[in-house]
Every structure is written in structure tokens, then in C-alpha cells.
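**Student:** quick one, fold the following:
(3 chains)
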Amino acid sequence: MSYLNELNEVQRKAVTNTDGPVLVVAGPGSGKTRVLTYRIAHLIEQGAAPWEILTLTFTNKAAKEMKKRIATVVGDKANKVWAGTFHSIFSRILRVEAEKIGYTSNFTIYDSDDSKSLIGNIIRGMGLDTKKYNSNAIRSRISSAKSKLLSPQAYANNEEWLLQDRMNARPMLAEIYKRYAARCKSAGAMDFDDLLFKLYELLDQNPDNVKEKYQQKFKYVLVDEFQDTNQLQYQIVKKLVEYEGSPNNICVVGDDAQSIYAFRGATIENILDFEKDYKSKGIKIFKLEQNYRSTDHIVQAANEVITKNRKQIQKKIWSDKGEGHKIKVIKAISDTEEGRRVADTIIEHKNRYHLSNSEIAVLYRTNAQSRIIEEYLRRQNVAYKIFGGQSFYQRKEVKDLLGYMRVVVNPNDEEAFKRVVNFPKRGIGKSSIDKIIAFASENGMSLWDSLGKVPLPAKATKSLGEFVKMIRSFQRVCETANAYDAASVISKKSGVTDALKGDSSVEGVNRLENMNSLLDGVKDFVDSDEEVVGLEDKSLASFLQTIALYTDQDEDKGDKEFVTLMSVHAAKGLEFKSILLTGLEENLFPSFMSMDSPDAIDEERRLFYVAITRAEQFLTLSFAKSRIQHGKMRYNPPSRFLEEISLNHIESTAVISGRRLSEPSRAGVSGNFKSNKRAAPALMIDPKDFQPSPSSEIKEGMEVLHLKFGKGKIVKIDGGVENRIATINFSQIDSPERRIMLKFARLQIVS
DNA sequence: GTTGGTATCTGTGGA
DNA sequence: AGATACCAAC
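**Tutor:** As a prediction, the model looks like this:
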């Protein structure tokens, strides 16, 4: 058991206390994954059967990584451990038990686009105002209802929720939820929340004692990232663990300070309550506070920031890695300058500290920020890879081909049916489809089953007949063929690839390539000999269920060296020698969505905490004074989180672009990063009196007004047509001569 | 039913 | 800015 020697004392206790309930509070970089994997390995070494161990994670990647590390201790047996995401493990169980809840095992998984589209359809079908009933808002409301265990019936009887809906002028929400659930059911589809909710219902209703079956099967239950679970997930876990005579072998691992998924129903109360819930069962609690990842300036900055939050489990992370480098702050004038300077910093890190690309990551709050960074990395010839954002599976052409596969596997799948029934065009238009939908939902049937029962124009009837025939022929292929052979036939005969072959534009070629990559993906799935418990066949149905829950960061890095670009959310659980965290501005990070809620701000702060604790040695924080957001120039002040780090952790007296940052601002706010007089003078002009002129009208010699710099005279204009730069002499400020990009400038012509 | 255009709005994170 | 929704003309 040499692996026990690789652990510190607390870690070792967390690994070897295998019986009864255990809570491991694990700070960032404290060896959490090591504890979890060694604990599982230890269980197996002590005689537990691998298939009796259930380990729930949030990403496929985490599960995969864990299995790999378990295998280094116990060998191939590791593959028999049930380790996976909540969604993937539960969908495997539901596939087996589908008949018990009125589904078939080839049910479809609706992604959020499918859900949104179906909800939009229902709203329009009910004749409701699509502005009041915004399908995204409705979808997230339904999602949060499910995550709080509210079925449509329970919702309709819940005064609190109904009242909230009335106050939001959306009294029909309960009805929409009811219809949505019914439509999913007749389509043989489950959305992401259903994968949890239906399992809960299955265990709760317990047909054929299915609950006992799984209680007995899973002797040990482990949950990673417990702070990100929602009520529903916790209740399911409890159902599996709690029964008469249960040993309560449940181990949850998490860090309340890293809870960043409240927006999808996660509740920090789960980890806060866990202790209480299992006190009488002899819970043991272990706190991992030593950070093995980062040097001290980074660790202390993180501690400082997180103390500003109100609710938390007391703990203080520490490191013995030495002081390390101070945190560097980049203050950029614009988002493009930020991109340029981020790229410069990366070059510097590579040259001066000999970091390789793979040791560097650029993080941002929103995926939309990646574009500018990308541009400057390309200019500097730095290899990079963007994670997240629009995923491969959300591209139109990929969805089209997937749509065919889905209809073949489950012809009741309404969203897939709508997508492909008239693609390529075969003369089945909106009105025909609307008629079918109306008939189907009135009779509680699927669209597919309604075909032939609805009178349609002759042309539509004929094409629909051919469509049905084609799908049936694909289904026959599927009876014997594996996923790849079936997918190849479908892609050829359905006409989706032919529709693209004529398109020789760059995008067209790209689309065809994407479709081919999808086919390659099917092939990989078929050829892979990796053993996954609960997933034993290579059918098309099996492929679809796998990829529905498959996400972005699964692809291996390969041997290519690149700088990683990703959102802060996506970076959770990862670490890099150098982290560049960008866009630290109010309304961006913290997000504007969080501005009116202290709880939401706390969550943003935890997100910031997650971001900075990814860094091992170098942390660079950047913000831009101006940035194009949603097509408009925005001027956001520096993020409050920057202010929350004390200056002694920040590099070189905080001189940034030649100006001291630490001068107190005029308003008397003791902010380190609040603008001071020289950096950005207070407004000289009342915005009410200010009307910017179109930049195209600005010419040399004119007198103009600037909100902050006051009156100025245009000395000269140079630069290209698209990028005219004016040199302006502002007589009212200290250093009067300024060079201003006209396309960004807001100037009012005086004369 | 299809096509192409304009108007509108929304606007984070992700299984 | 970009996607989507809607509308008018073919």
C-alpha cells in the first residue's frame, strides 16, 4: 500500500476511513482528486468489488481522469467502477429501467436547444405573447422547478411558485410546464433535468423494488464537487444510501468556496447541510487546507478575496511553495489592446521563464471574449486552442445529420423530426407541420404516429410517404449494422451530404468537413475498445446517448502544444503554471446579471476565486477601459474583485502604463484601481448636454468636445480609412495632446 | 412552399 | 454583433 505514503496526514485519514459518512472539504489544489482516487483504490484493495462503487462527477473528463488514476494502483479492474457524470450514469440506469416509467430504452435526450424550441412551439401554440413568455426564461424556470423536485402537478399546486409567476405576469407557466412534460413524454424524450428527475421518480415510486436493487448494487457512493449539486441530485444520492440497516457509505468531496453553478440549481446548502444530515450516522469530516499548487502571493490573494463572502465553511488555505511571483495587472485602454498585451505577456513568459504553450491558459468570463484574444495570438504565431463556446454538436450541419440518426432510433423524437422532415427540401412546409403538431398534441400522440391521420395536400402527403419509407429502410439497416455502418448509409441516402456537396464556399466545405468528422466520431465510438460499465453495445442508439452527454473538454490534448483558452467555468479543476485572467470589469466580471443580487455577486466572487487558484506560479489579471459589447462601445470600471486583493501581492508598485494605480481616487473611495485624475479625468461635460457626432464627419482643424477631456482641437488625422486616428489637443487637461481612434471615440463637433 | 430580406432583441456559465 | 423572428414577394 505504498500509495498511502504519497499522502499527508489528513489526506490519508480521508482515504482510509472507508466506513460510514464522510465529508471532505477540499480547498483548491489540496489534492482532492488524489484523495478520491486513492480512496476508491483503497476500497478495492480492501476487497470491495469495483462494480459496487459509484462515483459521480460533473464532467466526463474528471471521471475519465479518475479511472485512469485508479488504474495505476489497482490495474484494469478500475474500468469496472461506475464512475461518470450524474447525467451519464443516470441515463445508463434509465435505459435499463425505461419500461418501468413508460419510456423505451432508446429514448432521446433533448439538449437545451431542443427544449427551447419545443417550449417556443408550445407557447406559440397556446397563443401566448412570446415576449412575455420568453422561451429561454421559461425553460430555465421549468429546469429549476425540476431541480427542486416539482413535478408539473406539484407545480400547479404550489402557491409560492404560482404567486411568483403571477407577479411576473406569467400565469400560464404551470400549464406550459404540463404541456412540455407531456410533449417530451410522447416524443420519448428526456431533457437534461429529466435524466435526474425521472430517476428520482423511479426510485421514489419504486416499481418492482427497483430502488432496493440499486441500493444493494452500490455499496459505496462517492460524489465529487458536491458543492455544485442541486437538491434533486442530493435527494437521489440519499435515496441510494439511506435505508434500514444501511452502512451509509457515502463520501462527498467539495469546496463551498468553489460553488459556481447556482445558475443551474446548485445549492451551497447541500454541503453546508451535509454535516447536519449525517451527524447521527457518525459523520467524519476532513479538511484539506494545504495547497500544493500555487505560490504564496496567489494563495493569500485568494484567501483575501474569499473572506468577503458571507456564507462559508471556515478554512484557510496555505502553501509552503514560497512567495513566488507577484500578481501582474494589465490595464488596457481597449479590448483590443488587452488582447495585444495578453499575447505579449504570453510571449514574455515563454521567452523569459521558458514556459511551454501547454503551461499557459487565458481565462475569461464569457466565451464571446475569446475572439479578440485569438486574433492577437494568431498574429504572434502562438498555437492555441479554444474550449467551449459553440460546441461541435450544436452546428447546424451536424445537428441535421444527427437529426436523421435520432429519428431513425426514435421516430417519435419531435424535435429531430421537425428538423429533418423537410431537409433537404421535399415540399413539406410549415403549415403541414403545424397541422401535424396540432393533431398530435391534441391526441397526446407523437408526430410520427400522427402521420397518415392528418389530411394534408397531395404533394405533402406523397413526400411524407417517401420520407417514412426512407426512415423505415434506415431502421432495417440499424437492426443489424453497427452505429458507423448505419450512420454512413444515413448520411449518403438521406441527402444531407449531397445538399452540401454543391456548395464550394469556404463555409460549405467546412460544413462538409464537420459532417465527415461526425462520421469519424461514430467510427471512433464503434472501434473503441475502452470498457465502459453500463454501455455494452455499439448500436446507433448507444452512440446517440453517449454523445448527448458528451461535451467540449473531453477530446484529449494529443501531443500538440497549445495555449488554452477557456471560460472560468470550464477551467474548474484544472491548473496551469501561468494564468491570464481577462476582462476584469464591472458588468462583465462580475457579470451584469449578478448586479442586483448580493448572492449572485458572492457567486461571481467564488468564480473569481476559482479562476485565480488555477495558477501555479504566474497570475496576470487584465481589464480594459473600453470594450465592444453587443455591438456597442462600453466603458466599464475595473472589477471590484481587483480592489479586494491587497497591493502587496501585486507587482512593482502597481505602475501600469506609466501611471500609479494606487493614488486615491477623487471620490474618496479607497480603491486601488479606481481611476485617478490623470488616468481618466472626471467628466468635464454633463452627459445630458453631450451629443456625439458620427466619426466620419470629423475632420482636421475642427473643434470638438470629449466627455472626459473637454474641449479640444483636431491637429491632424492619420491612419487607414477604417482606423483613422486623430491627434487632438485638449487644452483643459494636463497632458493635452491625445491620439484617439476615431471609430471608438465619442466626440461632438463644436465648429 | 420557398426565398430573401429586414426588424428586433437579447445579452453568462454548461450537463 | 449575431441570431432569430417575421414579412413580403416569388
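**Student:** got a list of what the residue in the stretch 201-350 of chain A that DNA strand C sits nearest to touches?
**Tutor:** Closest residue of the stretch 201-350 of chain A to DNA strand C, CB to the nearest atom of the strand: A:D335 (11.5 Å). C-beta here means a position set from N, CA and C on the backbone, and glycine is covered the same way. Counting by CB atoms under 8 Å, 6 or more residues apart in numbering, A:D335 touches A:Q369, A:I372, A:G583, A:A624, A:S626, A:R627, A:I628.
**Student:** now the residue lying closest to the second one once chain neighbours are set aside: phi and psi?
**Tutor:** Yep, that's A:I372 we're talking about. Nearest non-adjacent residue to A:I372, counting by CB to CB, 6 or more residues apart in numbering: A:G339, 4.1 Å away. Dihedral angles of A:G339 (phi, psi; degrees, to the nearest 10) stand at phi -60, psi -40.
**Student:** which bits of chain A sit near DNA strand C?
**Tutor:** Within chain A, the positions adjacent to DNA strand C are A:G120, A:T130, A:I628, A:H630, A:G631 by CB under 7 Å from any atom of the strand.
**Student:** the last one: how many residues sit nearby?
**Tutor:** For A:G631, the count of nearby residues is 5 (other CB atoms under 10 Å).
**Student:** also the second one?
**Tutor:** Residue neighbour count, defined by other CB under 10 Å, stands at 10 for A:T130.
**Student:** show me what contacts it?
**Tutor:** Residues near A:T130 by CB under 8 Å, 6+ apart: A:G120, A:I123, A:R124.
**Student:** mind showing which ranges of chain A have poor pLDDT?
**Tutor:** Applying pLDDT under 70 to chain A flags the ranges A:1, A:389-390, A:530-535, A:551-560, A:652-690, A:708-709, A:718-725, A:731-746.
**Student:** so the residue of the stretch 151-300 of chain A found nearest DNA strand B, which of the three states?
**Tutor:** Residue nearest to DNA strand B within the stretch 151-300 of chain A (CB to the nearest atom of the strand): A:F263, separated by 2.9 Å. Three-state assignment for A:F263 (DSSP: H, G, I helix; E, B strand; the rest coil): helix.
**Student:** distance of it relative to A:S597?
**Tutor:** 11 Å (CB to CB, to the nearest Å).
**Student:** do the same with A:N106
**Tutor:** Distance, A:N106 to A:S597, by CB to CB: 42 Å.
**Student:** give me the more crowded residue out of these two.
**Tutor:** More neighbours surround A:N106 than the other of A:N106 and A:S597, with 22 against 11 (other CB under 10 Å).
**Student:** now for the more buried one: which residues touch it?
**Tutor:** Contact analysis of A:N106 by CB under 8 Å, 6+ apart lists A:G188, A:V409, A:N410, A:A541.
**Student:** format those as CSV; extra columns: distance to A:S696, secondary structure and neighbour count.
**Tutor:** Shown next, in CSV, are the contacts of A:N106 (distance: CB to CB, whole Å; DSSP: H, G, I helix; E, B strand; the rest coil; neighbours: other CB atoms under 10 Å):
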residue, distance to A:S696, secondary structure, neighbour count
A:G188, 57, coil, 21
A:V409, 56, helix, 25
A:N410, 56, coil, 23
A:A541, 58, helix, 22
